[in-house]
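**Q** The following block contains a protein sequence and its predicted model.
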Amino acid sequence: MAVKIRLARKGRKKLAHYHIVVADSRSPRDGRYIEKIGSYNPVTNPATIELDFDKALGWLQKGALPTDTCRAILSYKGVLVRKHLLEGVKKGAFDEAEADRRFEEWMKQNEAKIDAKKSGLEKTKEDEIAKKLAAEKRINEARAAKLAKKQAELEAKARAESQAEEETASDEAAPEAPAEKAPEAVPEAPAEKAPEAAPEAPAEKAPEAAPEASPDETTSETTSGEKPAEG
């Protein structure tokens with residue numbers, strides 16, 4: 001009976017994981033199997049592999065043929081290397097102690113490669129996250145600047161409208177000052193009449209001159225006035 005080491009699919013379509021099984025080569029792909037010797041999950045990075053090393057090595061020594069994917073898994077975990085070294089011991093190329101030493105050396109080198117790959121993947125992941133964050137930051141800054149500009153424009157527009165409304169309201173509220181009327185002409189005071197001239201006092205008549213006495217009268221007055229001389 002031909003025996004294969006292959007994958008049996010499990011899980012959902014886009015999140016599929018696999019069992020590593022030993023099965024009859026004539027059985028359906030996901031049908032019955034003889035024994036499960038591990039699991040494989042390619043969704044993770046790096047892929048998660050769990051394998052029963054001794055069982056896998058035993059089935060290889062019995063002649064089980066792995067599929068291409070399972071061969072890569074067995075090589076990755078060192079099963080094929082171990083099988084090759086044990087065959088060298090059987091042939092007498094070196095003893096079992098030398099085979100163990102070589103296998104341990106290979107495992108150390110392989111683990112170093114795996115660790116380096118994991119570190120590289122982690123660094124790549126961190127770099128990708130940093131790039132995404134930087135890109136998001138640039139987008140957010142550009143968006144914030146755009147919003148700030150728009151807000152400033154809206155505020156400026158609102159201020160202009162408010163100022164225009166205030167000016168309009170001020171113009172409507174203030175009554176128009178009536179046009180200054182020319183001062184009415186003050187009625188001219190009637191020209192003061194010159195005081196009527198007081199009626200002139202009649203000129204005093206000069207006393208009429210007494211009628212001059214006639215010479216005879218003068219003589220008689222003089223004679224009568226004179227006192228008679230005492231004797």
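**A** Nice, I can see it.
**Q** for this protein, which spans come out with low pLDDT?
**A** Scanning the chain for pLDDT under 70 picks out 1, 173-231.
**Q** Spatially central residue for it, please.
**A** Relative to the mean C-alpha position of the chain, the nearest C-alpha, by Cα atoms, centre = their mean, is the one of residue 144, at 2.6 Å.
**Q** mind listing the helices for the protein?
**A** 53-61, 68-76, 79-91, 96-173, 215-225 (DSSP state H).
**Q** Could you dump those into CSV with distance to residue 20 added?
**A** For every residue, glycine as well, the C-beta is placed using N, CA and C. Formatted as CSV, the helices of the chain follow (distance: least, Cβ to Cβ, whole Å):
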stretch, distance to residue 20
helix 53-61, 8
helix 68-76, 6
helix 79-91, 11
helix 96-173, 18
helix 215-225, 203
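**Q** right, and the ones you listed - which one's nearest residue 29?
**A** helix 68-76 (12.3 Å; Cβ to Cβ).
**Q** So which elements touch that closest one?
**A** strand 3-10, strand 35-41, strand 48-51, helix 79-91 (3 or more Cβ pairs under 8 Å, 6 or more residues apart in numbering; DSSP states H and E).
**Q** I'd like these as a markdown table, with mean neighbour count and distance to residue 97 appended.
**A** Output for the helices and strands packed on helix 68-76, formatted as a markdown table (neighbours: other Cβ atoms under 10 Å; distance: least, Cβ to Cβ, whole Å):
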| stretch | mean neighbour count | distance to residue 97 |
| --- | --- | --- |
| strand 3-10 | 19 | 29 |
| strand 35-41 | 17 | 27 |
| strand 48-51 | 15 | 25 |
| helix 79-91 | 16 | 9 |
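**Q** Make TSV from those and add distance to residue 159 to it.
**A** Shown next, in TSV, are those (distance: least, Cβ to Cβ, whole Å):
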stretch	distance to residue 159
strand 3-10	68
strand 35-41	63
strand 48-51	63
helix 79-91	79
